[in-house]
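Novice: heads up, no residue letters with this:
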Ligand code: NG6
Ligand code: CA
């Protein structure tokens, strides 16, 4: 902005000053400056199943065997959160909450979705991408979706799809419908299955076998990676999946190329949508990697490189993808004006259904660090995940123990971009922008943790940072014997004092009935009255 110089003749100076004052009244200069300064590009790198201890920057318990230098670069140049949580210990509900600002357990049908599920996000409701689009962002998603595709009748694979990411706020999408281990094993770009040959239509079923293609159950001899539990239906690329499919041969992905395909699409989204002048739209990229979910089939470049088998190799591949994004920002001069967030959708799991040596080659590595439990459970290891935040000049470095939930991204980024949150659909998101960026070191006063249980089931956890309470759950499932994960459900109330027992080893509910009562009341209030605390 130009300011009148003192050498100007008084009358001109007066006119200019009053003109500026009028402008300032219409839109205060300070606000305008701040508004333009507060529209960084935003990249949300969202890993699948990376645990609290899996990245090498998560010391002291972090990965010593596998190095993740690119994630570590984000930690070094930005802020490393130690008390950040996904809302749930599985994928779909975590992503649902992050996209909508509403805890998934408020709605039925938000558990882990099959690959042929209809969209669970209603078109028209406010979402994180829609909010940012309204704020003037160009929005894109690349990678794992797992929030359903299609209208109530389900996905129309062979036609234009409804209920896609493009219908809930993304200008661009290149996604897989569900997970790498679920059919259909195809990419969907902007409402269309990529490379679909109309003469070879796709059919999908999760109820019964369809078509004549071999399955893991009937033809285990054809497999290059065998299941350890489940995962014995249609074989694609030598891997048997969850669900049956037929057709769409030309459209099927190659697992070993998936990280490269997603990374290239993410990079080209940045290249295409980067603002070249201050007047152009910033971009929001939600880059949801498949790594390190099963089947862990990294590219040959990474095979055998970690010494930990495919799980460790997939971590190297994930870190490679992160590096490509960071290099792209450097190359295009976008680093300074881009807020980069890196997190994970749930805690770690080692054997998640394939015989991939993850257990045998784990060695001393502890994927959830010092935390108990893991994916699917309500102990800390289920939802406390890495969160790295880099925004040069705006985010102070170091570590923070502020309590933060991914459900808060919506209101926090709304505050950043001066948008309003629709409280009727997003009751749970809190503005924790200062905690996210490291200015406020306390963050939330409580957050709710959902293990693998769905809506209306008892067994939620709540923490205020110092205490962790898990309400009684009638079924009390303590273990997932398939994944060998402690789930944390118990018919009795559980209370852990995280400040001196971060590994939730000693249940002190009997010694502190007052704290139990208080946290149960708080949990009930959140359940009944969103944001009532
Ligand atoms: C489970 C799968 C597991 C994984 C998970 C979803 C079996 C036995 N296990 O049902 O392999 O796919 O669903 O993971 O089928 S998530 O990260 O998308 O939530
Ligand atoms: Ca996951």
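Specialist: Received the coordinates, thanks. Computed from a prediction, not measured in an experiment: that's the story for all the values here. Ligands and ions are numbered 1, 2, ... in the order given.
Novice: ok, now how distant is the residue of the chain found nearest ligand 2 from residue 306?
Specialist: Nearest residue of the chain to ligand 2: residue 91, at 3.7 Å (CB to the ion). The C-beta positions use only the backbone N, C-alpha and C, and glycine is treated the same way. Distance check for residue 91 against residue 306: by CB to CB, to the nearest Å, it reads 23 Å.
Novice: got it, and residue 421?
Specialist: With CB to CB as the criterion, residue 421 and residue 306 are 41 Å apart.
Novice: ok, how many other residues are close to residue 227?
Specialist: 23 (other CB atoms under 10 Å).
Novice: tell me if the longest helix along the chain is near ligand 1.
Specialist: Determined from DSSP state H, the single longest helix within the chain is helix 309-331. No. Figure legend: helix 309-331 not in contact with ligand 1 (CB under 6 Å from any ligand atom); closest approach 12.9 Å.
Novice: how about stretch 165-180?
Specialist: Yes. Applying CB under 6 Å from any ligand atom, one finds stretch 165-180 touching ligand 1 at residue 179.
Novice: quick check, residue 271 in contact with residue 334.
Specialist: No. In this structure, residue 271 is not within contact of residue 334 by CB atoms under 8 Å, at 10.0 Å.
Novice: skipping its backbone neighbours, what lies nearest the residue in the stretch 351-500 of the chain that ligand 1 sits nearest to in space?
Specialist: Per CB to the nearest ligand atom, residue 353 is where the stretch 351-500 of the chain lies closest to ligand 1, at 3.8 Å. Nearest non-adjacent residue to residue 353, counting by CB to CB, 6 or more residues apart in numbering: residue 231, 4.6 Å away.
Novice: likewise residue 188?
Specialist: In space, residue 188 is closest to residue 175, 5.5 Å off (CB to CB, 6+ apart).
Novice: and the one you found, which of the three is it?
Specialist: Per DSSP: H, G, I helix; E, B strand; the rest coil, the local secondary structure of residue 175 is strand.
Novice: so it is in contact with residue 148, correct?
Specialist: No. Using CB under 8 Å, residue 175 is not in contact with residue 148, being 11.3 Å away.
Novice: list phi and psi for residue 257.
Specialist: phi -100, psi -10 (degrees, to the nearest 10).
Novice: burial measure for the closest residue to it other than its chain neighbours, as a count.
Specialist: Spatial nearest neighbour of residue 257, excluding adjacent residues (CB to CB, 6+ apart): residue 299 at 6.7 Å. Number of residues near residue 299 (other CB under 10 Å) recorded here: 18.
Novice: then residue 323?
Specialist: 16.
Novice: for the one 3 residues further on, same thing?
Specialist: Around residue 326 sit 21 other residues, with neighbours defined as other CB under 10 Å.
Novice: give me the neighbour count for the closest residue in space to residue 420 that isn't next to it in sequence.
Specialist: Distances taken as CB to CB, 6+ apart place residue 414 nearest to residue 420, at 6.7 Å, with adjacent residues excluded. The tally of other residues near residue 414 (other CB under 10 Å) stands at 24.
Novice: one more: residue 149?
Specialist: Counted with other CB under 10 Å, residues neighbouring residue 149 total 28.
Novice: ok, the one 10 residues further on next?
Specialist: As a burial measure, residue 159 scores 14 neighbours (other CB under 10 Å).
Novice: before we move on, what about residue 266?
Specialist: Neighbour number of residue 266 under other CB under 10 Å is 26.
Novice: next SSE downstream of the one helix or strand it maps to?
Specialist: Using DSSP states H and E, residue 266 sits in helix 258-273. Using DSSP H and E, the next helix or strand after helix 258-273 towards the C-terminus is strand 283-288.
Novice: return the residues in contact with whichever residue of the stretch 51-200 of the chain sits closest to ligand 1.
Specialist: In the stretch 51-200 of the chain, the residue that lies nearest ligand 1 is residue 91 (3.1 Å; CB to the nearest ligand atom). Applying CB atoms under 8 Å, 6 or more residues apart in numbering, we find residue 91 in contact with 48, 112, 144, 146, 179, 345, 346.
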